[in-house]
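[1] predicted structure and sequence below. I'll ask about it afterward.
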Amino acid sequence: GLSASECKSCPTGFYCPGGAAPKACPKNSYSPAGATTLEDCACVPGFVGTNPESCVACPAGSYCEGGASVKSCPAKTRSLEGSSRCACKGGYKGPGMYDCSKCPFD
């Protein structure tokens, strides 16, 4: 067997079934270090899917922080397809997607 000094955690973005050689998570998905099954992989931010083999780009007008949930952009914001966050719409500005104010026009 391996000595304790030879044991290594499975790297981020891979899963190691039964401690075997690392297998890459499917396209547009990732895993934390130490993952052991395909189910440990999840969609990356900007993508959404209920399993790591079906991650698709987040729809426009919404944002996806990774995994299986899609959230609608808040009022006064917008996003393009594949977004992990929303930005203030034209004519608005602010430090974050929940803090957009109408621009002052002199």
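    Nice, I can see it.
[2] use CA for all of it now, contacts and neighbours both
    Will do.
[3] would you mind measuring from the closest residue to P11 other than its chain neighbours to G13?
    Distances taken as CA to CA, 6 or more residues apart in numbering put A33 closest to P11, at 4.7 Å, once the chain neighbours are dropped. When distance is defined by CA to CA, to the nearest Å, A33 is 7 Å away from G13.
[4] just want to know which of the two has more residues nearby.
    G13 (20 against 16; other CA atoms under 10 Å).
[5] the more buried one reaches G34, doesn't it?
    No: the pair G13 / G34 is not scored as a contact, 9.6 Å apart, by CA atoms under 8 Å.
[6] show me what contacts the most centrally placed residue in the chain?
    Per CA atoms, centre = their mean, the C-alpha nearest to the average position across the chain is that of P45, at 1.9 Å. Taking CA atoms under 8 Å, 6 or more residues apart in numbering, we find P45 in contact with 64-67, 83-84.
[7] quick check, nearest of those to S54?
    S54 lies nearest to G67 out of the contacts of P45, by CA to CA, at 10.7 Å.
[8] pretty sure P74 is touching Y98, no?
    Yes: between P74 and Y98 there is a contact at 6.7 Å, judged by CA under 8 Å.
[9] and E53, helix, strand or coil?
    Secondary structure, DSSP: H, G, I helix; E, B strand; the rest coil: E53 is helix.
[10] next, count neighbours for it.
    For E53, using other CA under 10 Å, the count is 17.
[11] and if you look at A75?
    12.
[12] quick one: what helix or strand has it in it?
    For A75, there is no host helix or strand (DSSP states H and E).
[13] and the gap between it and S62?
    On the measure of CA to CA, A75 and S62 end up 11 Å apart.
[14] now T36
    For T36 relative to S62 (CA to CA), the value is 31 Å.
[15] repeat that for A33.
    For A33, the distance to S62 - CA to CA - is 29 Å.
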